[in-house]
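In: no sequence on this one, just coordinates:
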């Protein structure tokens, strides 16, 4: 996310935060702001994909990029999250 967050970044954060209440205790949301230190270790998939060029904002599920710049389809993300939880 941009630092400070743009309107588009805030919308992306709100979008992904909305899934937290649907899966209490099963998913975690980490937010990384450009140019700021990370407070936790990013997933290997996130680390592998990232480089000097990355679209902001971006959203990842279990290290896989599922959203870049624009908000994705809610049902698509819901299905991805459910699939990830089922495979654990």
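Out: Arrived safely. The structure presented is a predicted model; accordingly, all values stated were derived computationally and were not measured. Numbers count the residues shown, from 1 in each chain.
In: Quick check: which element contains the closest residue to residue 5 other than its chain neighbours?
Out: Nearest residue to residue 5, sequence neighbours excluded (C-beta to C-beta, 6 or more residues apart in numbering): residue 13, at 6.8 Å. Bear in mind the C-beta positions are built from the backbone N, C-alpha and C, glycine included. Using DSSP states H and E, residue 13 sits in helix 7-17.
In: contact partners of that helix?
Out: 1-2, 5, 29, 31, 56-59, 67, 69-71, 74, 77 (C-beta atoms under 8 Å, 6 or more residues apart in numbering).
In: Centre of the chain to that helix, how far?
Out: 10 Å (C-alpha atoms, centre = their mean, to the nearest Å).
In: In this protein, mark out all the helices, start to finish.
Out: Secondary structure of the chain (DSSP state H): helices at 7-17, 44-49, 74-86.
In: where in the protein is pLDDT low?
Out: 49-54 (pLDDT under 70).
In: Might you calculate how far stretch 69-79 sits from the centre of the chain?
Out: Using C-alpha atoms, centre = their mean, the offset of stretch 69-79 from its chain centre is 11 Å.
In: swap in stretch 15-24?
Out: On C-alpha atoms, centre = their mean, the centre of stretch 15-24 falls 11 Å from that of its chain.
In: same deal with stretch 26-46?
Out: With C-alpha atoms, centre = their mean as the basis, stretch 26-46 stands 8 Å off its chain's centre.
In: End to end on that stretch, go ahead and measure it.
Out: 19 Å (C-alpha to C-alpha, to the nearest Å).
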